[in-house]
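# Turn this into a model:
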Amino acid sequence: MELDTVVVGGGQAGLALGHHLRRAGVPFAILDAYARVGDAWRQRWDSLTLFTPRRFSALPGLPFPGDPDGHPGKDEVADYLATYAAHFDLPVRLGCRVTSVRPGTAGGFTVDTSTGTLRARRVVVAAGAFHTPWVPEVSDRLAPGVTQLHSSAYRNPEQLPGPVVAVVGGGNTGVQIAAELADHGRRVVLAAPAIGPVLPQRWLGRDIFWWFSRLGTMRLSAESRLGGRIAAQNPIIGTDVTGLLRRVDRVGRVVDVEGDALLLADGGRRRVDAVVWATGFRPRYPWLEVPVLDPSGAPVQREGVTDWPGLYFLGLPWQRTRGSAVLGWVGRDAEVLAARLAEDRRLPAPASAVAA
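Okay, here's the model as predicted:
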């Protein structure tokens, strides 16, 4: 089957793009490996709540239901995405896992999936940036009796046995999970050599994202001086870090393990019953058989456009601005890309890089 545009990924980026492609009259299909729209959100930890209030959490054309100043939980987000896809009757093919995207012999792309093979003139990779959980190699040497999991597999404190739990990582995810574990009476070791600047959820009676919206923070480019500083600092939003540090044992960098103990850069050691590795993700596109990835596996692109004709990305952090990977702002990037695709469709098809 031949399509004009295939969008890989049916999360917020793919759905926002679908909305704008439909408005622009561009034929497309969205391929998503999950059984339901929004399942990627449903699989996150039970108490996860967005930083952004509902008024700043909507995709183009459909307000987020509920108190506009309240903050939705992860299941609310999942249900909203499913409602969005149904409301605009977007052509999402669920249970359709992409196994290969490669240049077509006559131009365009061949897209192999778990449900068959497609041909497409253009492909937009909207599969997000958080693919492969990363944990340090030392984790392999922890004693078998120590329960350990990556933050992507964390759901609630009941998963973790024993009174002493280490959380390794000082980003937003790490401090949120550490706070929840401390709230449930665990003795938390927070291994966080650096914690970014802390921003309150509310300031001068307004949500911090109200200020971000008014000040243009979410429209900052990573290439701007201020945008570059924000990107490098990774601020903590909404967590009372000062209060948290009074309730946990904060330590520095983990350099090794020995049995059931974490060995620290300062020579200290902490015995633990469980570890949550809040150590982030690495990009991984094993199915993308087009030479647009750097040695680390990250896409080489500028504002979503690659050097390979017809191949684009959407929803990457700082792809165009601070808001590029944020639910309530990804629609702006989607609109720009949809306009480009619509204009490209009116032009003669570019010669295949293979044919060239």
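
# my guess is V248 meets A178, correct?
Yes: the pair V248 / A178 is scored as a contact, 5.8 Å apart, by C-beta atoms under 8 Å. For every residue, glycine as well, the C-beta is placed using N, CA and C.

# and S152, how far is that from V77?
Remark: distance between S152 and V77 (C-beta to C-beta, to the nearest Å) = 16 Å.

# pLDDT-wise, which helix or strand of the chain ranks last?
Between all helices and strands in the chain, the lowest mean by mean pLDDT, DSSP states H and E belongs to helix 225-233, at a mean of 80.

# low-scoring stretches of this protein, by residue?
Within the chain, the stretches falling below the threshold (pLDDT under 70) are 1, 347-356.

# And the helices in it?
Taking DSSP state H as the criterion, the chain contains helices spanning 12-24, 39-42, 74-87, 172-183, 208-215, 225-233, 241-247, 330-345.

# Buried residues of the second one, list them for me.
Under the neighbour-count criterion of 16 or more other C-beta atoms under 10 Å, helix 39-42 has 39-41 buried.

# on that earlier part again, intersection of neighbour lists for V248 and A178?
Contact criterion C-beta atoms under 8 Å, 6 or more residues apart in numbering; residues shared by V248 and A178: 188, 190.

# Who has more neighbours out of these two?
Shown here are V248 and A178; by other C-beta atoms under 10 Å, A178 has more neighbours (31 against 21).

# In this structure the more buried one contacts V167, no?
Yes: taking C-beta under 8 Å as the contact criterion, A178 and V167 are neighbours in contact, 4.4 Å apart.

# neighbour-wise, which of S152 and V77 wins?
Neighbours were tallied for S152 and for V77 using other C-beta under 10 Å; the higher tally belongs to V77 (25 against 18).

# what sits against the more buried one?
Under the criterion of C-beta under 8 Å, 6+ apart, the contact list for V77 reads 38, 41, 50, 57, 327.

# Recalculate using a threshold of 7 Å.
38, 41, 50, 327 (C-beta atoms under 7 Å, 6 or more residues apart in numbering).

# any idea which of these is the one closest to D266?
Closest approach between those and D266, by C-beta to C-beta: L50, at 35.9 Å.

# Quick check: that closest one vs R141, distance?
36 Å.

# the more surrounded of these two?
Neighbours were tallied for L50 and for R141 using other C-beta under 10 Å; the higher tally belongs to L50 (22 against 10).

# hang on, the more buried one packs against S57?
Yes: shown here, L50 and S57 form a contact pair, counting by C-beta atoms under 7 Å, at 5.9 Å.

# what's the overlap in contacts for the two?
Overlap between the contact sets of L50 and S57, as judged by C-beta under 7 Å, 6+ apart, is given by P72.

# how is the protein carved up into domains?
For the chain, automatic domain parsing gives the domain ranges 2-131+283-345, 137-196+234-277.

# Go through these and name the closest to L220.
Nearest of the domains of the chain to L220, taken as C-beta to C-beta: domain 2-131+283-345 at 4.8 Å.

# picking up where we left off before, which residues are contacting the least confident helix or strand of the chain?
Contacts for helix 225-233 (C-beta under 7 Å, 6+ apart): 196-197, 220-222, 318, 322.

# same thing but 10 Å
Contacts of helix 225-233 with the rest of the structure, by C-beta atoms under 10 Å, 6 or more residues apart in numbering, involve 194, 196-197, 216-217, 219-224, 317-318, 321-322.

# Could you turn the buried ones of those into a PyMOL selection?
The following PyMOL selection, which keeps only the buried ones among the contacts of helix 225-233, applies the criterion 16+ other C-beta under 10 Å:
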select buried, resi 196+217+219+220+221+222+318+321+322
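
# F88: which of the contacts of helix 225-233 is nearest?
Using C-beta to C-beta, T321 is the member of those that lies nearest F88, at 24.0 Å.

# Kindly reformat the buried residues of helix 39-42 as CSV and extend each row with distance to D266.
Listed next are the buried residues of helix 39-42 as CSV, based on distance: C-beta to C-beta, whole Å:
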residue, distance to D266
D39, 42
A40, 38
W41, 38
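
# Go ahead and confirm P91 touches D4.
No: P91 lies out of contact with D4 (C-beta atoms under 10 Å); the separation is 11.7 Å.

# Settle this for me: S213 is touching V326, isn't it.
No: counting by C-beta under 10 Å, no contact exists between S213 and V326, whose distance comes to 11.3 Å.

# which neighbours do these two share?
Shared contacts of S213 and V326, defined by C-beta under 10 Å, 6+ apart, comprise 52, 56.

# Fine by me, thanks again.
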